[in-house]
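build me a model from this:
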Amino acid sequence: MTHFLDAAIEAARAAGELLRQNFHQPLRVDAMFKHDIKLEIDVRTQALITQLLLAKFPEHALYGEEGIEGDQSAEYQWIVDPLDGTVNYFYGIPHFCTSIALRRNDEIVVGVIYDPIREEIWTGVKGEAPLLNGKPFRVSERTELSEAVISVGLSKTGQTIREGMPLLQDMVQRARKCRLLGSAALDMAYVACGRFDAYIEQGISIWDVAAGWLLIEGAGGTVKMEPRRDMKDKYMVTASNGRVELGLGS
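Alright, predicted model coming up:
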C-alpha cells in the first residue's frame, strides 16, 4: 500500500497548499444555504486532487463531495473531501483540512488527513500503526465521561440539528467539555490521536469520516457507522477511544 499512501500524501499536501494560498483571500461563493456554504475553491481543490490521483491510477474511481470520476464499481475508489470545514474557511477561522481515503471493495485501506494551517498530517494504512507527522499515536486512555472531551456535531439540516441538541445538552452536563469545531474529519483525527475522547454526529457523509475511520481503528479506538434510512448517503457516526462509556444505548 506504500505507493497508494505516498500518492494520497502528495495530493493532500498539494491541496493544502492551494487552500493555504487562498485563505483570507476573496472567495467566489457558488451557493449559500441556511447552514452551509459552497465555494469555488472546494471544486478547484478536488479537481487538483483528482488530477494527481487518477494520473497515477487511471483505473481507479474517485468519489468526492464535489463530484465523482471513473467507474464507481472499480476495485479501488478514492473517497475525498477537498475542504472539510468550508464555513470555517469562508469566515477566516483556521480550522479546516483535506481528507483522502482509499477504499478497496468495501474496506478502507489508506487514510490521510492534512491540516495545512497547523501543518499536521495524519496518515494510516490498514493493519499498520497510524502516524501524525511521522510519529505513532494512540487514542486516549480516559474511561470516565466526566473527564472526557466530546465533539458533538449538529450537521446541516433542521432535522439533524433537532436530533443533535438533546445529545449536546446531555453531554454538556455529563462530560468535562463539549466542542463543536466545524470539521468532522479533524474531529475524527483528534479522536484518533487522543485530543478528543469521542465524536458523535447524526448525519454525516462518508467523505467526511472515511480517512478518520481508518485512523481511529488503527489507533485502538472504535467507530460505529449507521446508515440513515431517511437521508440518502448519510450516516450516524459514533467514534471513540473505545474506553469511555457514553451511555447512548444500543
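
partner strands of the lowest-mean-pLDDT helix or strand in the chain, with direction?
Ranking every helix and strand in the chain by mean pLDDT, DSSP states H and E puts strand 29-32 at the bottom, with a mean of 82. Partners of strand 29-32 in the sheet, by DSSP bridges, are strand 37-39 (antiparallel).

what residues go with each domain of this protein?
Split into domains by automatic domain parsing, the chain comes to 2-136, 145-240.

how far does the shortest one stretch from one end to the other?
Domain 145-240 stretches 11 Å from its first residue to its last (Cα to Cα, to the nearest Å).

switch to numbering from 33
Let's use 33 as the start, then, which means that last one is domain 177-272.

spatially central residue in this protein, please.
Residue closest to the mean C-alpha point of the chain, counted by Cα atoms, centre = their mean, is A217 at 2.0 Å.

which of the helices or strands spans that residue?
Using DSSP states H and E, A217 sits in helix 216-224.

so what does that helix touch, helix or strand wise?
strand 108-116, strand 129-136, strand 139-147, strand 152-157, strand 181-185, strand 230-236, helix 238-250, strand 267-272 (3 or more Cβ pairs under 8 Å, 6 or more residues apart in numbering; DSSP states H and E). For glycine as for every other residue, the C-beta is placed from the backbone atoms N, C-alpha and C.

that one to strand 181-185, inter-axis angle?
With axes from the mean of the first three to the mean of the last three Cα atoms, to 10 degrees defining the directions, helix 216-224 sits at 160 degrees from strand 181-185.

and helix 216-224, how far from the chain's centre?
6 Å (Cα atoms, centre = their mean, to the nearest Å).

now stretch 194-211
21 Å.

stretch 79-90 now?
That offset, for stretch 79-90, works out to 20 Å (Cα atoms, centre = their mean).

now that stretch: buried residues?
By neighbour count with 16 or more other Cβ atoms under 10 Å, stretch 79-90 contains the buried residues 79-82, 84-86, 89.

isn't L199 right up against I232?
Yes - under the criterion of Cβ atoms under 8 Å, L199 makes contact with I232 at 6.3 Å.

which neighbours do these two share?
184, 280 (Cβ atoms under 8 Å, 6 or more residues apart in numbering).

the two: which is more packed in?
I232 (23 against 19; other Cβ atoms under 10 Å).

how close does the residue nearest to the centre of the chain sit to E72?
Counting by Cβ to Cβ, to the nearest Å, the separation of A217 from E72 is 20 Å.

can you pull the contacts of the nearest residue to V112 once chain neighbours are set aside?
Of all residues not flanking V112 in the chain, G96 sits nearest, at 3.8 Å (Cβ to Cβ, 6 or more residues apart in numbering). Residues in contact with G96 (Cβ under 8 Å, 6+ apart) are 78, 81-82, 110-114, 239.

any idea how far T118 is from G96?
From G96 across to T118, the span is 13 Å (Cβ to Cβ).

which parts of stretch 137-156 are buried?
Those buried within stretch 137-156 under the rule 16+ other Cβ under 10 Å are 140-148, 153-156.

quick check: mean pLDDT of that stretch?
For stretch 137-156, the mean per-residue pLDDT is 97.

next one: stretch 238-254
98.

cool, stretch 33-45 as well?
Stretch 33-45 comes out at a mean pLDDT of 96.

again with stretch 197-207
Rounded mean pLDDT across stretch 197-207 is 93.

other residues contacting that stretch?
177-178, 180-182, 184, 186, 210, 212, 232, 234, 279-280.

and the residues you listed as JSON lines, adding distance to A63?
What follows is the contacts of stretch 197-207, written out as JSON lines (distance: Cβ to Cβ, whole Å):
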{"residue": "L177", "distance to A63": "39"}
{"residue": "S178", "distance to A63": "42"}
{"residue": "A180", "distance to A63": "36"}
{"residue": "V181", "distance to A63": "33"}
{"residue": "I182", "distance to A63": "31"}
{"residue": "V184", "distance to A63": "26"}
{"residue": "L186", "distance to A63": "20"}
{"residue": "C210", "distance to A63": "30"}
{"residue": "L212", "distance to A63": "23"}
{"residue": "I232", "distance to A63": "27"}
{"residue": "Q234", "distance to A63": "23"}
{"residue": "G279", "distance to A63": "38"}
{"residue": "L280", "distance to A63": "34"}
